[in-house]
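Asker: okay, predicted coordinates and the sequence, questions at the end:
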2 protein chains.
Amino acid sequence: MILLNGKKTAADIKEEITLEVRELKDNGHKTPHLAAIIVGNNGASITYVNAKVKACERVGFESTLIRLTEKVTEDDLLNEIAILNIDNDIDGFIVQLPLPKHIDEQKVLMAVNPDKDVDGFHPTNVGKMALNLPTFISATPFGILELLDRYNVETSGKHVVVLGRSHIVGSPMSILLSQKRKVGNATVTMCHSRTKNLKELTLQADIIIAAIGIPEFLKADMVKNNVTVIDVGITRLPDSSKKSGFRLVGDVAFEEVSKKSEFITPVPGGVGPMTIAMLLKNTLLASKRNF
Amino acid sequence: MILLNGKKTAADIKEEITLEVRELKDNGHKTPHLAAIIVGNNGASITYVNAKVKACERVGFESTLIRLTEKVTEDDLLNEIAILNIDNDIDGFIVQLPLPKHIDEQKVLMAVNPDKDVDGFHPTNVGKMALNLPTFISATPFGILELLDRYNVETSGKHVVVLGRSHIVGSPMSILLSQKRKVGNATVTMCHSRTKNLKELTLQADIIIAAIGIPEFLKADMVKNNVTVIDVGITRLPDSSKKSGFRLVGDVAFEEVSKKSEFITPVPGGVGPMTIAMLLKNTLLASKRNF
């Protein structure tokens, strides 16, 4: 069993980006600049957006954090976006989700200039992804592709079973992995809450992408030997034996499934750490497009 | 075995559109108007675009056909598109493919105003489709959804196997049928040239969408009893017994597969006739959006 170590891989990628940024600067190019808009005081969102800002600083990017109050109007938020859209110093920016209920999330995502949409959430970028055109692939799917690539996990001709059809993970993964691309050319089965005989399908899988948000859903009796498992789930379960009072659990019963696996991502330390690294990579890409 | 009669269904849809157009006009609304650009003298393209224009006339739409010579420059074509983009009388328009080699097809498709892109080929519309947002779904996938819907073919929880990952049929079908929508909620397996053990997969399918362009590829021994088969293929095979000297053949060995099928589309007269009907439907939708 080989661990797909997202923590280490993400660190490698950040190191590569750091070197590239240094080179860019040495060659007189502008410093890549990521902006993030955050609305309100959601603790998890603040933690996450701060981690993104900090990651920017570490690799040598400039970063701008725009904090808006919970009560900001949709118009004012759209106005902030319009400013970032035309600010030539900003290469890419993100609007941290979720947004307060009085704001139409889809309308906001549609307002972002697709060329600066380093989250890859704008329909134009989702469409380019689906058409296998160059674009910003959103961080989680991009991170999974990168992990599979760096560990030389063969996907061509393999049967991939994707669990969960979310727009941010399951659906794009099923699209990407079936495409004619380096990490791709797989036969992909997209499963979700309406799927019957799920176990019959997972038992056929060479690779399983679990992204349903049900802790330890995938058990050892649902997979065949030498399966490769990508665990996208992350849930806090109460655990009195831990100082923090909780432990982080994925969608996969790691202990038992790992024994049958060829490759498997741990939780935490698997897919999670890859997302920020890929956001940085998209920002670098945006900045390089600009010259 | 029930034939999914695309010819009849398309006629029904055109009749419904005719009535709706009459009502629109009676209520003082403008007549829906479709424009088509065709470049060069490709016989099949001309036949096809003429059929679209004629269909417009039959349902009471206005139509405009713009014929450009094979030698038109990319800039001149883009200029024609720019004019249609801002012409308020044109609700939707299409650029008939393929284009001559000196013209960048992707660049041309990207130039079409997404709100007038009734072919649904612009990345923004492909992305909206993938995100299950309201948009123009391109004619062939839209027609297949409509056929399944009108014959009450249950898709929810069914295992759909899609053969062929083209951007115009296989890929969008696999996305659409796995979504939470009326004709959807299926477990979808996307197969293509790199798929191994294809027969193992087709034998599990409740519904097969065949879109690979290999005549009579799908045989009876590859399907289970009571399968539903959608045949998107259409190939001309020489046939001296026919006056025309050829016969049209789908991707499915109809004679033998139909015996095991619950529902099946014939070729010709199945998916084919639906496409023009759905183009009209998209144009009507575009015109209704405009008021």
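Answerer: On my side now, so go ahead.

Asker: longest helix of chain A?
Answerer: Across chain A, the helix with the greatest residue count (assigned by DSSP state H) is helix A:6-26.

Asker: please name the strands paired to the helix or strand following that helix in the sheet, noting orientation.
Answerer: Using DSSP states H and E, the helix or strand that follows helix A:6-26 in sequence is strand A:33-39. Here strand A:33-39 is paired, per DSSP bridges, with strand A:62-68 (parallel), strand A:92-95 (parallel).

Asker: what about the longest one, distance to the chain center?
Answerer: Which is strand A:62-68. Remark: strand A:62-68 is offset 20 Å from the chain centroid, using C-alpha atoms, centre = their mean, to the nearest Å.

Asker: returning to what we had before: deepest in the core, which of the strands paired with strand A:33-39 is it.
Answerer: strand A:92-95 (a mean of 26; mean count of other C-beta atoms under 10 Å in any protein chain shown). In this view, the C-beta of every residue, glycine as well, is placed from N, C-alpha and C.

Asker: now the next helix or strand along the chain from that one - C-alpha only, CSV.
Answerer: Per DSSP H and E, strand A:92-95 leads on to helix A:105-111 as the next helix or strand towards the C-terminus. Written as CSV, here are the backbone C-alpha positions of helix A:105-111 (Å, rounded to 0.1, in the frame of the first residue of the first chain):
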residue,chain,number,x,y,z
GLU,A,105,-24.2,33.0,-5.1
GLN,A,106,-24.6,32.1,-8.8
LYS,A,107,-25.0,35.7,-9.8
VAL,A,108,-21.8,36.5,-7.9
LEU,A,109,-19.8,33.7,-9.5
MET,A,110,-21.1,34.8,-12.9
ALA,A,111,-19.8,38.3,-12.3
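
Asker: show me how far helix A:105-111 is from its chain's centre.
Answerer: Its chain's average C-alpha position is 19 Å from that of helix A:105-111, according to C-alpha atoms, centre = their mean.

Asker: ditto for stretch A:117-124
Answerer: 12 Å.

Asker: name the residues of the stretch 151-291 of chain A found near chain B, please.
Answerer: Residues of the stretch 151-291 of chain A lying near chain B by C-beta under 8 Å from any C-beta of the partner chain: A:156-157, A:159, A:165, A:167, A:171-172, A:174-175, A:178-180, A:185-192, A:194-196, A:201.

Asker: from these, which ones fall inside helices?
Answerer: A:171-172, A:174-175, A:178, A:201.

Asker: which of those sit farthest apart?
Answerer: Within these, A:Pro172 and A:Leu201 form the most distant pair, 19.6 Å apart (C-beta to C-beta).

Asker: show me what from the stretch 1-150 of chain A comes close to chain B.
Answerer: Proximity of the stretch 1-150 of chain A to chain B, by C-beta under 8 Å from any C-beta, involves residues A:106, A:122-133.

Asker: and with 7 Å instead?
Answerer: Within the stretch 1-150 of chain A, the residues that sit near chain B (C-beta under 7 Å from any C-beta of the partner chain) are A:123-128, A:130-131, A:133.

Asker: of these, select the buried ones using a ChimeraX command.
Answerer: Only the buried entries of the residues of the stretch 1-150 of chain A next to chain B go into this ChimeraX selection, using 16 or more other C-beta atoms under 10 Å in any protein chain shown:
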select /A:123,124,125,126,127,128,130,131
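
Asker: can I get the residues of the stretch 1-150 of chain A next to chain B in TSV including secondary structure?
Answerer: Converted to TSV, those look like this (DSSP: H, G, I helix; E, B strand; the rest coil):
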residue	secondary structure
A:Pro123	helix
A:Thr124	helix
A:Asn125	helix
A:Val126	helix
A:Gly127	helix
A:Lys128	helix
A:Ala130	helix
A:Leu131	coil
A:Leu133	coil
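
Asker: let me know the closest of the residues of the stretch 1-150 of chain A next to chain B to B:Asp149.
Answerer: Comparing the residues of the stretch 1-150 of chain A next to chain B against B:Asp149 with C-beta to C-beta places A:Ala130 closest, at 22.8 Å.

Asker: more crowded one of A:Pro172 and A:Leu201?
Answerer: A:Pro172 (24 against 21; other C-beta atoms under 10 Å in any protein chain shown).

Asker: A:Ile144 contacts A:Val271, doesn't it?
Answerer: Yes. Here A:Ile144 reaches A:Val271: they are 6.1 Å apart, a contact under C-beta atoms under 7 Å.
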